[in-house]
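**Student:** need coordinates for the following:
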Amino acid sequence: MAASTPRRRRSAVAPAIVALLTAATACTGGVQGPRSESGSDSSAPTSSPRSASPPPTAQIPPPTSPSASPSPSRVILPGADPFDVDTVLGGIRALTAIGPRDAASPAGDRAAAYVAARLRAAGYRVTLQPVAVAAGVSWGVRVPAGTTVDVVAEPPGFDPTKPHVVVGAHLDTVPQSPGAEDNASGLMVMAEVARMTRQQPGALPVRFVAFGAEEARGGNGTLYAFGSRHFVAGLGASERRAVRGMVALDRVGVRAPAVPVCHVAGADTSLADAIRRAAVRVAATRACVNRASDHVSFERVGIPAVRIGGVPYAAYHSAADVPSVVDRGQLARSGAVLWAWIRSLR
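**Tutor:** Next up is the predicted model:
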């Protein structure tokens, strides 16, 4: 712990983020088991009782490399406005241009304001919930205590005590990484699917949340997921019962043959199975086990939760995690999996 580092006060942070949010809007119109101290969160594959890769029906571009010819910028998904890959990539570039976004930093505040503006522009009621963050060591770099926020987006007329689902993605990066894949990719796929969901709501409402301070800050791997733990702790009993499932989008853009759909080790796999069934006609998926993202905070309190994403890549937690790391086709497939699940809910 860096005891000598002054803690930023909530009262100073919230107005600063609100000011940034105003400017951005004008521009854009307990955990199951400790996370490893190294921060590794590779997803272990598991066997699956069914094939998840029949011929797709959505027009989704195949995996590409930076040197490959451009793939379609607008992907047609069943029952939706097009998933705009260019919009997603533009958001990833905007977030990485901010630079590393530690949760207790001004850059983290700017990222929160940017994401809040995108969700507000899509038609959601957006609130910022302050979250206290501990000092520690993040991926070998000492980081201060401070305050971050959870950016919570709700559709008009939303009632948290009525059945709904939660979709989330974490805001922060480790101190040395601009975080294109980890986790601007998850944030921007979430924002695009949020836009699509407002255009054509499903049978169940969706609460979209950008969680602060997911990255580990030491404590033998236990000091992480501050934002999602805070969010879950703030839910009343009736609100917890109303959440039918939670999906965390974390690292969803690195090219792979299939989209990882991961459950917590030892947890019921019904939600993961349902997501893979819903996605069977739009993208190949694979089952896996993962205990290193915001979904674990929900599973810990009995809310079914799954992580989409988590393909290993060389630039993980490094300065090389830049927009060229992400793949257009993988972003589209990840969005298609999430969209298919949302449309399947009854």
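
**Student:** for stretch 312-329, list the C-alpha coordinates in CSV.
**Tutor:** Extracted in CSV, the C-alpha atoms of stretch 312-329 (Å, rounded to 0.1, in the frame of the first residue of the first chain):
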residue,chain,number,x,y,z
PRO,A,312,-4.7,-14.6,-25.5
TYR,A,313,-2.5,-12.2,-27.4
ALA,A,314,1.1,-11.0,-27.3
ALA,A,315,0.3,-7.3,-26.5
TYR,A,316,-1.7,-8.1,-23.3
HIS,A,317,-1.1,-5.5,-20.6
SER,A,318,1.6,-3.7,-22.6
ALA,A,319,2.2,-0.5,-24.5
ALA,A,320,1.6,-2.5,-27.8
ASP,A,321,-2.1,-3.0,-27.0
VAL,A,322,-3.1,-0.5,-29.8
PRO,A,323,-6.0,-0.5,-32.3
SER,A,324,-4.2,-2.6,-34.8
VAL,A,325,-4.4,-5.5,-32.4
VAL,A,326,-8.2,-5.8,-32.8
ASP,A,327,-9.9,-7.6,-35.7
ARG,A,328,-13.0,-6.2,-37.4
GLY,A,329,-14.5,-9.6,-37.9
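
**Student:** for it, the distance to its chain's centre please.
**Tutor:** In terms of C-alpha atoms, centre = their mean, to the nearest Å, the centre of stretch 312-329 is set 16 Å apart from its chain centre.

**Student:** which of the residues in that stretch are buried?
**Tutor:** Under the neighbour-count criterion of 16 or more other C-beta atoms under 10 Å, stretch 312-329 has 313, 315-318, 321-323, 325-329 buried. The way it works is simple: take the backbone N, C-alpha and C, and place the C-beta from them, glycine included.

**Student:** repeat for stretch 238-257
**Tutor:** 239, 242-243, 245-256.

**Student:** residue ranges in the chain under the pLDDT threshold?
**Tutor:** 1-81 (pLDDT under 70).

**Student:** and the helices in the stretch 201-346 of the chain, which stretches?
**Tutor:** With DSSP state H, counting those that start in this stretch as the criterion, the stretch 201-346 of the chain has helices at 226-233, 237-242, 270-278, 295-300, 328-344.

**Student:** and those helices as JSON lines, adding distance to residue 152?
**Tutor:** Shown next, in JSON lines, are the helices of the stretch 201-346 of the chain (distance: least, C-beta to C-beta, whole Å):
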{"stretch": "helix 226-233", "distance to residue 152": "8"}
{"stretch": "helix 237-242", "distance to residue 152": "12"}
{"stretch": "helix 270-278", "distance to residue 152": "21"}
{"stretch": "helix 295-300", "distance to residue 152": "14"}
{"stretch": "helix 328-344", "distance to residue 152": "18"}
